[in-house]
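In: Fold the following.
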Amino acid sequence: MIGAHVQPVLPEGTIACTPGPVNAASDEFRVTVKGGEGHAAYPHLTRDPVLAMAQVIVAAQQLVSRVADPMAPTVVTFGTVNAGTAPNAVPGEATARGTLRTMSQEWRRRLHRRFTQVAEDTARAYGCNAVVEIIPGEPVLINDPSLAARTGSGCGSTGGR
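Out: Numbering: from 1, shown residues only. Purely as a prediction, here's the structure:
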């Protein structure tokens with residue numbers, strides 16, 4: 001099977017046929033941090049899920065820089081963060097969504113476990129609880145070397161690479 005995918009970092013009109021792993025596995029996540037709501041004038045009477053979520057985001061980024069093998073490309077992206085409806089209140093919960101991407105199936109499984117552990121433990125350090133959902137997406141895309149070579153040589157006249 002041959003599939004096509006838009007690659008925004010390649011010049012327009014380029015067709016790339018790279019052998020081996022070319023696209024990372026991509027899994028979505030949802031982290032919900034539950035705390036104790038209250039008035040902003042009395043933060044000591046709350047358990048602030050916004051502060052806990054901020055620390056979860058920082059800690060999750062450190063999975064890339066301090067836990068992942070530097071030779072195993074890994075990306076943790078937080079795309080949305082939502083909490084509260086009033087500027088003078090500590091909300092009861094904060095929710096974040098994003099993606100986990102990696103080029104290794106083995107590290108993908110470990111990343112899921114470590115991401116969940118980091119979110120839960122970090123929230124707990126702030127008196128909150130984290131619930132982590134990971135929605136599995138596509139696996140690593142690995143192009144067959146022989147097929148990629150044949151396809152690439154056939155596309156040479158059209159800007160193939």
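In: lowest-confidence helix or strand of this structure?
Out: Lowest mean confidence among the helices and strands of the chain (mean pLDDT, DSSP states H and E): helix 145-154, at a mean of 80.
In: and the strand or helix carrying residue 135, which residues are buried?
Out: Element membership for residue 135, per DSSP states H and E: strand 129-138. Neighbour-count burial for strand 129-138, counted by 16 or more other Cβ atoms under 10 Å, picks out 129, 130, 132, 134. For every residue, glycine as well, the C-beta is placed using N, CA and C.
In: Which elements pack onto the helix ranked longest in the chain?
Out: Counting residues, the longest helix in the chain under DSSP state H turns out to be helix 105-125. Applying 3 or more Cβ pairs under 8 Å, 6 or more residues apart in numbering; DSSP states H and E, we find helix 105-125 packed against strand 25-34, helix 49-62, strand 74-83, strand 93-102, strand 129-138.
In: quick one on the thing from earlier: would you mind listing the buried residues in the helix or strand just after the strand holding residue 135?
Out: Remark: after strand 129-138, the chain's next helix or strand is strand 141-143, criterion DSSP H and E. Buried residues in strand 141-143, counted by 16+ other Cβ under 10 Å: residue 143.
In: Appreciated, that's everything.
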